[in-house]
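Structure for this input, please:
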Amino acid sequence: MSKSKSIEKVIILAGGEGRRLNPYTIVLPKPLMPVGNFPILEIIIKQLKKCQLKDITLAVGYLGNLIQSFFGDGRKFGVKITYSREEKPLGTMGPLTLIPGLKKTFLVMNGDLLTTINYKKLITYHLSRKPIATIAVQKREIETDYGVLEYNKRLELTRYDEKPKLPYQVSMGIYIFEPEIMDFIPHNRRFDFPELMNFLLKKGEKVLVYPSSDFWLDIGRHEDYRRALEEFEKIKAKIL
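Numbering: from 1, shown residues only. Below is the predicted model of the structure:
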């Protein structure tokens with residue numbers, strides 16, 4: 001597999017309906033939801049520009065005309081923005097097949113993320129290890145409502161924890177892809193990220209994770225949006 005030496009292209013997935021944020025998203029696409037004095041997508045674009053990632057394609061759908069009206073060709077933000085519009089819902093990965101010219105390593109991310117992740121470190125991590133895909137991940141914990149038991153084959157108790165916090169890793173919605181990944185995504189039909197990952201694993205492709213302890217939040221739920229509004233003032237000097 002040939003590998004690109006750098007990343008130029010960023011694709012931001014901005015076509016979802018954002019139903020969990022209703023009623024706000026009835027009139028406003030989620031990427032235009034304000035955080036501080038900026039739409040969340042403007043914050044992302046400013047971060048990418050700081051990392052010299054200035055070639056951006058916005059994959060739009062629901063209320064995409066509002067997004068395009070706000071960001072235009074990107075010149076007022078110091079970047080180049082092009083648009084790819086899906087005429088029917090294509091899931092999270094299907095929209096990539098509508099974007100021409102993905103011949104080099106590229107970054108894909110959701111358009112509703114508030115994070116302090118260092119994109120340069122993520123890119124360097126991917127390029128140095130050469131998988132077909134790298135997924136930025138973060139640790140989360142869920143508190144159980146029960147006592148949790150472990151026991152051996154003889155049914156003898158070996159461990160007991162009362163309402164333990166169980167750790168798990170979540171996708172941050174930020175990925176680095178090699179261009180060969182497009183061979184695994186069906187053209188112009190609905191195809192989601194979990195389907196792609198399971199397909200790659202089935203085919204024996206190398207997929208890595210990038211563990212991150214950076215601040216990260218997607219604003220897809222009301223409680224997360226409220227938290228983003230609270231936390232932004234604390235972190236904006238770091239990310240803008």
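
and the end-to-end length of stretch 213-232?
Terminal residues of stretch 213-232 are spaced 17 Å apart (Cα to Cα, to the nearest Å).

For this protein, give the helix that spans the most residues.
Secondary structure of the chain per DSSP state H: the longest helix is helix 222-239.

sec struct for residue 120, please.
Using DSSP: H, G, I helix; E, B strand; the rest coil, the structure places residue 120 in helix.

same thing with the one 5 residues further on?
Assigned state for residue 125: helix (three-state reduction, three-state DSSP).

For the closest residue to residue 51 other than its chain neighbours, give me its contacts.
Closest residue to residue 51 apart from its sequence neighbours, by Cβ to Cβ, 6 or more residues apart in numbering: residue 119 at 4.5 Å. Glycine gets a C-beta too; all of them are placed from N, C-alpha and C. Shown in contact with residue 119 (Cβ atoms under 8 Å, 6 or more residues apart in numbering): 47-48, 51, 53, 107.

re the thing from before, now do the longest helix of the chain: everything it contacts.
Applying Cβ under 8 Å, 6+ apart, the contact partners of helix 222-239 are 20-21, 33, 35-36, 40, 43, 46-47, 114-116, 215, 217-219.

Just the buried subset of those residues, please.
Buried members of the contacts of helix 222-239, counted by 16 or more other Cβ atoms under 10 Å: 21, 33, 35, 40, 43, 46-47, 114-115, 217-219.

Could you count how many residues lie near residue 210?
For residue 210, the count of nearby residues is 20 (other Cβ atoms under 10 Å).

can you give me the helices in the protein?
So, for the chain - with DSSP H - the helices run 24-27, 40-50, 64-71, 119-129, 193-202, 222-239.

Please identify the buried residues of the longest one?
Within helix 222-239, the residues that count as buried by 16+ other Cβ under 10 Å are 224-225, 228, 232, 235-236, 239.

could you give the mean pLDDT of that helix?
Mean pLDDT, computed over helix 222-239, is 90.

hang on, the earlier thing: nearest to residue 137, of the helices of the chain?
helix 119-129 (11.0 Å; Cβ to Cβ).

hmm, back to that, identify whichever of the helices of the chain lies nearest to residue 152.
Short answer: helix 193-202, nearest of the helices of the chain by Cβ to Cβ, at 30.9 Å.

on that earlier part again, among the contacts of helix 222-239, show me the least confident.
residue 21 (85).

Please name the residues that touch that residue.
Residue 21 is in contact with 30, 33, 219-222, 225, counting by Cβ under 8 Å, 6+ apart.
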